[in-house]
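Student: Got a sequence here, can you model it:
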Amino acid sequence: MRELELLAPAGKWEVLEAVAEAGADAVYCGDKRFNMRMLKPGMNFTPEELQDAAAYLHQQDKKLYITVNNLYYDRELSELRGYLDFVQDIGADGMIVQDMAVVALAQEMGLTVPLHASVQMGVGNLAAVQFLEEQGFTRAILSKNLSLAEIKSIHQNCRLSLEFFAHGDLCIAHTGQCYMSSYLSGASGNRGRCIKPCRWAYRLTGAAADPKEFSYHLAHHDLCVYPYLRELARSGVRSFKIEGRMREAGYLTSIISVYRQALDRIMSDPEAAPDPEDHQLLINHRQRDFTLGNLLERPGREAIGLDGSREPFFPTEARPLLSLKAEDYQPQTVLAPCQTQLRVKIGSLDQMRGLLGSGVKELIIGTEKMRQEGSNWTRQQLKTAFDLAAAEDIGLFAETPRIITQDNLDPLRKNLKAWSQFPWQGVIANEYGAWKLAGEMDMAVEAGYGLNVANYETAHWLLNQGAALVTASLETDRDSLRALAALGEKLEVLVQGPLCGMITDYCPARSWSDDSAADCKIHCLKTGYALMDCYEQAFKIRTDWQCRNHIYFPYDLALFNHLPGMAAAGIKRFRIDGQFYHPQLLREVVEIYQQAIADMAQGKRLEQPSYLQLIELFPDGLTARRL
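Tutor: Here you go, the predicted structure:
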């Protein structure tokens, strides 16, 4: 058995010393500016402490990995450049990276610090791992949502070192694709500021056994793969990561010691079984109950702490949400005529037919649909769509899912291969596996908002990698949008549509059905399937064809009021996600935005009646929360 690394967290100096003494081979930590764990002011390291940490660990033949794992806005990049020089100078053994801006800067600066792809990148398939290897990464921290079989399949066909979380907090959502905290409060979980709405109580509606009481339906148990360390090592995991950079030494050292002994046994004897007494020590030491996550199967009700009894205190709670009102209309005048254009995502031929003659010349078709919206596109439907598009001079684009794990890779490859026979204008990729597959099929590739492009440096890097267009992250703030606007025709911004807050492998509908242990009877197709908070705000749930649950913010996005400001800043391409709208509703929404685009082309202000009409079309509410 090759050497197995035990990787421990540290949020301050005494913890770093303690975990190193307890047996960690490497420690990961960050400074007080550029990492994702910023909620506790007394935690994280000063530059001087990081320099001392590198020397201290290297003296013991141990390694230091620096977390440069945030998403960065443009105003932060100048200071980040200097910080990357510092990380190189102190001899860090690796940088844990989420934002491709870090990669772009490292390449530009000629840095030699090894790059580790953060779990925040959602690396879940071989094609994504191979893409990262081509970009110079030496390690991929795999998605926590992978099974043993998927990990093994990735390892057998790649050269990258693979790291996997072994113990600690486990979010219900796929990492890097949870925006719920941003939508609710403006505090981004992808920037380390999550207010943990998944740890609040909700009432589940629409399930077969509809529970009337409020429960912690999204409160995932903590991860503990200790019983399967041997199997993970056989599957190709070489670094076992303990979560907990905000934890104290007393909590971490006992965990580190147990995993140290287990990995040593496996390295001495690959057939060594887990020690039941050590496993019990972990159980006795737990905060939440434990789960294996997705290691053996998709999580069910047994993986959720429904009663909240073991849920650590966190000082946030549900809050009433504000939807757009008539009085929110703000008259604006575009200073000069602005030429902009609109692209629309559709979910059916009926929607497409309803948009003919609307002036929209680009449409997006997803490679998957939600079960509640009917079956996926058939070959005959696509043929009809392309016939209609040819007659109306409309360009069609395919969009891939935001989540693609190893089990989904071959089906996606077959799908893209079959779809490549049609004259698509391009493929919108939301993770790097789909990006690589589309490139291999010589299809033009665009960067979807699932890639979380939050700054100009990342966007420019993607364009250099061959992207025809970049969609701004759904969390991009106003200042970064202005910086991204320098891309001109190469930038697109979502201005209207439902806001998917999180994607999870856990299915509450099935978990709460009377036959949850039997074959799935597609309980998610029942009407009213949602999580209701204490303010009776419904977070609707849709289910894709991989049985992943997509949980939506109660209000659809509507940036109608902000169109003139964005156009004046230089943003030229807007997008409507209308795949869930009734054809007539979608037509009316598109006409409102098309009129606005026509008005801005003449330097006119947006008229209040159009804004009021848009609000009236959505009685459940609209939001401009993003800006």
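Student: Got phi/psi on the closest residue to Gly357 other than its chain neighbours?
Tutor: Take Gly357 and drop its neighbours on the chain: the residue closest to it by C-beta to C-beta, 6 or more residues apart in numbering is Glu392, 7.8 Å away. C-betas here are computed from N, CA, C, even on glycine. With angles defined as degrees, to the nearest 10, Glu392 sits at phi -110, psi 10.
Student: Next, work out how far apart Glu392 and Leu356 are.
Tutor: 6 Å (C-beta to C-beta, to the nearest Å).
Student: Could you do Leu342 as well?
Tutor: 15 Å.
Student: ok, the two, which is more surrounded?
Tutor: Leu342 (21 against 13; other C-beta atoms under 10 Å).
Student: Can you check the pLDDT for the residue nearest the centre of the chain?
Tutor: The geometric centre of the chain, computed from its C-alpha atoms, lies nearest to Gln177 (C-alpha atoms, centre = their mean), at 1.7 Å. Gln177 is assigned a pLDDT of 96 by the prediction.
Student: What of Cys198?
Tutor: Per-residue pLDDT puts Cys198 at 97.
Student: Just to check, it is in contact with Ile172?
Tutor: Yes. At 4.9 Å, Cys198 and Ile172 qualify as touching, with contact defined as C-beta atoms under 8 Å.
Student: what's the overlap in contacts for those two?
Tutor: Leu218, Ala219, His220, Met502 (C-beta atoms under 8 Å, 6 or more residues apart in numbering).
Student: Now render those as CSV, adding secondary structure and pLDDT.
Tutor: CSV is the format used below for the shared contacts of Cys198 and Ile172 (DSSP: H, G, I helix; E, B strand; the rest coil; pLDDT from 0 to 100):
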residue, secondary structure, pLDDT
Leu218, coil, 97
Ala219, coil, 97
His220, strand, 97
Met502, strand, 97
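Student: now, among those residues, which is nearest to His523?
Tutor: Leu218 (17.4 Å; C-beta to C-beta).
Student: what's the neighbour count on the closest one?
Tutor: 27.
Student: Contact partners for the closest residue to it other than its chain neighbours?
Tutor: The shortest distance from Leu218 to any non-neighbouring residue, by C-beta to C-beta, 6+ apart, is to Cys198 (4.0 Å). Cys198 makes contact with Cys171, Ile172, Ala173, Cys178, Met180, Leu218, Ala219, His220, Met502, according to C-beta under 8 Å, 6+ apart.
Student: May I ask which of those has the most neighbours?
Tutor: Leu218 leads those on contacts (other C-beta under 10 Å) with 27 neighbours.
Student: Show me what secondary structure element comes after the helix or strand harbouring Tyr593.
Tutor: In the assignment (DSSP states H and E), Tyr593 maps to helix 583-601. Using DSSP H and E, the helix or strand that directly follows helix 583-601 along the chain is helix 608-617.
Student: Could you pull out the buried residues of that next one?
Tutor: Ser610, Tyr611, Gln613, Leu614, Ile615, Leu617 (16 or more other C-beta atoms under 10 Å).
Student: thinking the fifth one is in contact with Lys325, fair?
Tutor: This means Ile615. Yes. Here Ile615 reaches Lys325: they are 7.5 Å apart, a contact under C-beta under 8 Å.
Student: for Gly501, helix, strand, or coil?
Tutor: strand (DSSP: H, G, I helix; E, B strand; the rest coil).
Student: count of residues packed around it?
Tutor: 24.
Student: nearest spatial neighbour of it, skipping sequence neighbours?
Tutor: Met180 (3.5 Å).
Student: quick one: contacts for that neighbour?
Tutor: Contacts of Met180 by C-beta under 8 Å, 6+ apart are Ala173, Gly189, Pro197, Cys198, Gly501, Met502, Ile551, Phe553.
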